[in-house]
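K.L.:
Just a sequence and a predicted model for now, questions to come.
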Amino acid sequence: MQSMALTRLTMSGVYRAFVFILIFYGVFITSEAQTSTPSPAPTPCALRSNTSCAECLQNVTCLWCTPTKQCMDYPVRNILPPSSVCPLNDARWGLCWVNFQILIITMSVLGGVIIIGIFVCCFCCCKCERIGSKREDAKVERQTRARKTRQKAKRTEMQLRHDEVRQKYGMAKENPYARMDNH
């Protein structure tokens, strides 16, 4: 009983310490967040022209055109930058080594492979299901034939027993279709 009370007291102390640490940590983080300075506004993309691709693409909204060495705002109205702005083969966005034209081709091939993979999986699943249902149908048919064979054998055996009983008591019929008369 005393050990149980001691355990409760110790657990209570642990919980209090844990809550205190959480509150202290929350206050410390909040005061740290309030004292941090705001980040400077990014420089416009046009001011980074004639520099380097890496410097231009530090800002996510910028597009680098390799032959003209121009840094410009990404044309957000279009999904891909039009060739009048910069040819796809020379346009860079996000990373300097990512070529838009190769990116489009790669994404198209990957998308096609994924779609073909889905179709192949669906075809295989449907085919396996058909094969499985054919196997089940054959199994059910075999079971039905076996059941009918057993029923026929039982019926024949029962008929033989009935005939033996009829013969034993002198009720055997000469004509199986004749009516049984009480003699």
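P.N.:
Nice, I can see it.
K.L.:
from memory Pro81 sits against Asp73, does it?
P.N.:
No - if you go by Cβ atoms under 8 Å, Pro81 and Asp73 don't touch, sitting 10.4 Å apart. All C-beta atoms are positioned from the backbone trio N, CA, C, and that covers glycine.
K.L.:
Name all residues that sit in contact with these two at the same time.
P.N.:
Residues within reach of Pro81 and of Asp73 at once, by Cβ atoms under 8 Å, 6 or more residues apart in numbering, are Leu63.
K.L.:
what about these two, which has more around it?
P.N.:
For Pro81 and Asp73, the more surrounded residue by other Cβ atoms under 10 Å is Pro81, and the numbers stand at 20 against 13.
K.L.:
pretty sure the more buried one is in a strand, no?
P.N.:
No - counting by DSSP: H, G, I helix; E, B strand; the rest coil, Pro81 falls outside a strand, being coil.
K.L.:
And the helices in this structure?
P.N.:
Here the chain has its helices, by DSSP state H, at 2-35, 53-56, 100-168.
K.L.:
Low-confidence stretches in this structure?
P.N.:
1-42, 129-133, 173-183 (pLDDT under 70).
K.L.:
Phi first, then psi, for Met51.
P.N.:
If you look again at residue 51, you'll see it is Thr, not Met. Backbone torsions for Thr51, taken as degrees, to the nearest 10, come to phi -110, psi -120.
K.L.:
Next one: the closest residue to it other than its chain neighbours from Trp97, what distance?
P.N.:
Once flanking residues are discounted, Thr51 sits nearest to Cys71: 6.9 Å by Cβ to Cβ, 6 or more residues apart in numbering. Taking Cβ to Cβ, to the nearest Å as the measure, Cys71 falls 17 Å from Trp97.
K.L.:
residues contacting Lys69?
P.N.:
Contacts of Lys69 (Cβ under 8 Å, 6+ apart): Ser49, Asn50, Thr51.
K.L.:
now do the same end-to-end measure for stretch 43-58.
P.N.:
End-to-end distance for stretch 43-58, by Cα to Cα, to the nearest Å: 10 Å.
K.L.:
ok, Val60 - how many residues close by?
P.N.:
Residues near Val60, counting by other Cβ under 10 Å: 9.
K.L.:
now swap in Lys168 and tell me
P.N.:
9.
K.L.:
now Lys139
P.N.:
Neighbour tally, Lys139, other Cβ under 10 Å: 10.
K.L.:
distance of it from Leu47?
P.N.:
Per Cβ to Cβ, Lys139 is found 77 Å from Leu47.
K.L.:
and what of Cys128?
P.N.:
62 Å.
K.L.:
now swap in Gln159 and tell me
P.N.:
In terms of Cβ to Cβ, Gln159 sits 107 Å off from Leu47.
K.L.:
Cool, thanks, talk later.
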